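Peer 1: Pasting a predicted model and its sequence here:
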Amino acid sequence: MSLAIKHRREPDVMLLRERLAEVVDPEIGRPIGSLGMLGDVEVARRGRVVVTLRLTTSTCPLVEEFRRRVHVAVDDLTDDVEVRFTEMSARERVELADRLRAGGSALTDGPGSRTRIYAVASGKGGVGKSSITANLAAALARAGHRVGVLDADVWGYSIPGLFGVTRSPVVVGGLMMPVPAHGVSLMSMGFLVPDGAPVVWRGPMLHKALTQFLTDVHWGDLDVLLLDLPPGTGDVQLSLLELVPSAALLAVTTPQRAARDVATRVVTMARESGMPIAGVIENMTGDLFGNGGGAELAELARTPLLGQVPLDRALRVAGDSGTPVVLAAPQAASALALTAIAADLPTVRRSLVGRALPLSVR
């Protein structure tokens with residue numbers, strides 16, 4: 001009996017570094033080589049590759065995802081990799097934040113912006129507005145888009161629960177990193193306050209918080225940003241109209257006439273402020289709540305009815321489990337309706353008439 005001895009060629013360190021430099025940080029969304037996060041790459045005894053990653057915090061919640069991505073990046077070069085983690089110094093974190101800001105970390109909302117922004121709104125609570133937001137975001141991300149969700153429902157935030165995440169965002173040099181979940185970048189007041197704690201703020205504090213969520217968060221280069229608004233037509237809605245003038249309204253209603261009548265006020269607010277209306281989504285369609293309210297609202301608003309989402313068991317279970325139904329049960333009737341709406345979201349732009357435009361003098 002003879003044993004065949006497998007001789008492994010020692011991996012090329014330069015090639016390893018090239019591959020590893022392209023590993024994308026799962027939170028920041030950029031290659032770690034450009035972020036100064038790739039440390040030493042060494043080939044130790046018996047060909048073992050030892051990789052050191054320099055993280056922004058020693059308590060990084062995505063250590064295992066970093067480890068997985070490193071292994072995938074060099075899988076064809078070596079099958080023996082050890083990943084070690086160290087922490088950046090305070091100065092290095094500030095320098096990283098400066099690089100991110102210089103590269104365009106805050107959301108840009110101007111005539112030249114390529115980000116489509118949708119404000120998901122309703123006239124009253126309980127119509128499933130946040131569930132619609134979460135599932136549209138997850139469906140768009142699954143289709144390959146870079147998607148963010150800003151939970152602007154400061155008092156009644158529910159996006160963290162719908163995505164199954166509760167941890168605080170990582171802060172790098174005063175710049176917050178959105179919390180990633182199911183391929184979507186999230187920011188919510190629910191990440192910043194103790195579980196169950198009420199947010200008791202007046203208008204000026206709300207405006208300041210929303211401003212920081214837009215300017216002091218590393219959103220990166222998004223294709224789509226969904227704003228989950230609180231119900232009604234109060235301070236938050238007015239602040240966002242001012243802060244994000246390019247946003248288009250997605251009005252959510254249930255089939256009931258009462259919900260339709262209240263949602264009409266949101267549509268009227270949008271019209272009077274010059275906000276374009278992308279369309280109407282009817283949620284909870286079916287025998288229990290009837291149908292027709294969405295079509296009536298769309299007709300009153302002179303805007304398309306983008307779809308009707310049935311209230312089925314899969315949607316309810318997914319909402320409680322922290323995984324959007326478009327991912328948890330993609331063949332459910334509700335998931336199919338939401339996926340179709342996400343695929344056909346119209347691109348609408350606000351008129352430039354009356355808007356302040358950036359001018360440069362040469």
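Peer 2: That came in fine, so what should we check first?
Peer 1: Need the contact partners of the worst-scoring helix or strand of the chain on mean pLDDT.
Peer 2: Sorting the helices and strands of the chain by mean pLDDT, DSSP states H and E puts helix 235-243 at the bottom, at a mean of 76. With CB atoms under 8 Å, 6 or more residues apart in numbering as the test, helix 235-243 has contacts from 109, 119, 121, 152-154, 203, 206-207, 210-211, 214, 227, 229-230, 247, 266, 269, 273, 275. Any C-beta I mention is one placed from the backbone N, CA and C, and that applies to glycine too.
Peer 1: likewise stretch 12-27?
Peer 2: With CB under 8 Å, 6+ apart as the test, stretch 12-27 has contacts from 30-35, 37-38, 41-43, 49, 51, 62, 65-66, 69-70, 73-74, 77-78, 170, 177-178, 180.
Peer 1: Filter these down to just the buried residues.
Peer 2: Judged by neighbour count, with 16 or more other CB atoms under 10 Å as the criterion, the buried members of these are 30, 32, 35, 37-38, 41, 43, 49, 51, 62, 66, 69-70, 73-74, 78, 170, 177-178, 180.
Peer 1: Show the residue spans covered by the strands in this protein.
Peer 2: 38-43, 49-55, 81-87, 116-121, 147-151, 171-172, 175-176, 179-181, 184-188, 224-228, 248-253, 277-285, 305-310 (DSSP state E).
Peer 1: Check the offset of the least confident helix or strand of the chain from the chain's centre.
Peer 2: 19 Å (CA atoms, centre = their mean, to the nearest Å).
Peer 1: For that helix, buried residues please.
Peer 2: 235-237, 239-241, 243.
Peer 1: what's around residue 293, how many residues?
Peer 2: By other CB atoms under 10 Å, the residues close to residue 293 number 26.
Peer 1: Check which residues of stretch 133-148 are buried.
Peer 2: Those would be 133-142, 145-148, for stretch 133-148 by 16+ other CB under 10 Å.
Peer 1: same deal with stretch 113-133?
Peer 2: 115-124, 127-133.
Peer 1: CA atoms of that stretch as CSV?
Peer 2: These are the backbone C-alpha positions of stretch 113-133, laid out as CSV (Å, rounded to 0.1, in the frame of the first residue of the first chain):
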residue,chain,number,x,y,z
SER,A,113,-28.0,62.9,-7.5
ARG,A,114,-28.6,59.4,-8.8
THR,A,115,-30.2,58.1,-5.6
ARG,A,116,-34.0,57.6,-5.9
ILE,A,117,-35.6,58.6,-2.7
TYR,A,118,-39.1,57.6,-1.6
ALA,A,119,-41.0,58.8,1.4
VAL,A,120,-43.4,56.1,2.5
ALA,A,121,-46.3,57.7,4.2
SER,A,122,-49.8,57.1,5.5
GLY,A,123,-52.5,59.2,7.0
LYS,A,124,-53.0,57.0,10.0
GLY,A,125,-51.2,54.3,11.9
GLY,A,126,-51.9,50.6,11.7
VAL,A,127,-51.9,50.4,7.9
GLY,A,128,-48.7,48.5,7.6
LYS,A,129,-46.5,51.3,6.2
SER,A,130,-43.3,50.1,7.9
SER,A,131,-43.9,46.5,6.7
ILE,A,132,-44.3,47.9,3.1
THR,A,133,-41.1,49.9,3.5
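Peer 1: for it, what is the average pLDDT?
Peer 2: Stretch 113-133 shows a mean pLDDT of 89.
Peer 1: With stretch 294-312 instead?
Peer 2: Stretch 294-312 comes out at a mean pLDDT of 89.
Peer 1: I'd like the distance between the nearest residue to residue 323 once chain neighbours are set aside and residue 297.
Peer 2: The shortest distance from residue 323 to any non-neighbouring residue, by CB to CB, 6 or more residues apart in numbering, is to residue 164 (6.1 Å). Distance of residue 164 to residue 297, given as CB to CB, to the nearest Å: 31 Å.
Peer 1: Ok, residue 41 next?
Peer 2: Taking CB to CB, one finds residue 41 at 58 Å from residue 297.
Peer 1: now do the same end-to-end measure for stretch 74-84.
Peer 2: Stretch 74-84 has an end-to-end distance of 15 Å (CA to CA, to the nearest Å).
Peer 1: Find out how far it is from the centre of the chain, if you would.
Peer 2: The chain centroid and the centroid of stretch 74-84 are separated by 31 Å, computed with CA atoms, centre = their mean.
Peer 1: Buried residues, that stretch. List them.
Peer 2: For stretch 74-84, by 16+ other CB under 10 Å, it's 74, 78, 81, 83.
Peer 1: now do stretch 223-239
Peer 2: 224-233, 235-237, 239.
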